[in-house]
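Visitor: Can you look at this prediction? I've put the sequence above it.
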Amino acid sequence: MHGPDRAAELEDFKTRINLTAYMAELGYELDEKASSRNSAVMVHPDGDKLLVGRATDQHWIYCSVRDDQDNGSIIDFDQRRSGGTLCEVRKRLRPWVGRPADPPRRFAHDLEPISK
C-alpha cells in the first residue's frame, strides 16, 4: 500500500471505527451518567478515564482526564496502549474497518460533532 492509499486507510480508521466500541473490546466501559450527547466517558478497571467525541471532520477523538499528553485519534489510542509501530497499529485496526461495531459491552453508539 503506497501514498494516497495509506492516507485513505488512516482516514478510514479515524472516521469509520467507533472508538468507544474499540475501547469496549479492550475492557473500557461507558459511564452513562457522565456522558452527554457530544461526548462519552469511558472508564477502565485500571482507573484509566477517557473522554471521547467526534470532531467536525468526523474523526473519533479522545483525551485522558488524568494525562494531558494522552489524546488524539484511534491510532494514538491504540499505539499508546498496545505499543508498536504504525505498521503494527494498522494491522490491529484493519479488521475493524467495515466490521459492525457490536461488542458485548456498552458503548456510545454515535456522538454529535463538538460545536465549540
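Guide: The structure has been received and is ready for your questions.
Visitor: E29 contacts M42, correct?
Guide: Yes - with contact defined as C-beta atoms under 8 Å, E29 counts as touching M42 (6.9 Å). (Glycine included, C-beta is placed from N, CA and C.)
Visitor: More neighbours: which of those two?
Guide: Taking neighbours as other C-beta atoms under 10 Å, E29 and M42 compare with M42 leading, 28 against 16.
Visitor: Next up, the contacts around the nearest residue in space to the more buried one that is not next to it in sequence.
Guide: Spatial nearest neighbour of M42, excluding adjacent residues (C-beta to C-beta, 6 or more residues apart in numbering): Y28 at 4.2 Å. Counting by C-beta atoms under 8 Å, 6 or more residues apart in numbering, Y28 touches 20, 42-44, 48, 50, 105.
Visitor: Ok, M23 next?
Guide: Neighbour list for M23: 42, 50, 52, 62, 77, 107 [criterion: C-beta under 8 Å, 6+ apart].
Visitor: hmm, 6 Å instead?
Guide: By C-beta atoms under 6 Å, 6 or more residues apart in numbering, M23 lies in contact with M42.
Visitor: Please give the element, helix or strand, for it.
Guide: Using DSSP states H and E, M23 sits in helix 19-25.
Visitor: Listing partners with orientation, what would you give for the following helix or strand past that helix?
Guide: The first helix or strand that comes after helix 19-25 along the chain, using DSSP H and E, is strand 29-30. Here strand 29-30 is paired, per DSSP bridges, with strand 39-43 (antiparallel).
Visitor: per-residue pLDDT, the spatially most central residue of the chain?
Guide: For the chain, the residue nearest the mean C-alpha position is L19 (2.6 Å; C-alpha atoms, centre = their mean). With respect to pLDDT, L19 scores 97.
Visitor: Same check on R105?
Guide: For R105, the pLDDT comes out at 57.
Visitor: measure stretch 79-95 end to end?
Guide: Terminal residues of stretch 79-95 are spaced 16 Å apart (C-alpha to C-alpha, to the nearest Å).
Visitor: buried residues in that stretch?
Guide: Judged by neighbour count using 16 or more other C-beta atoms under 10 Å, the buried positions of stretch 79-95 are 79-80, 89-90, 93.
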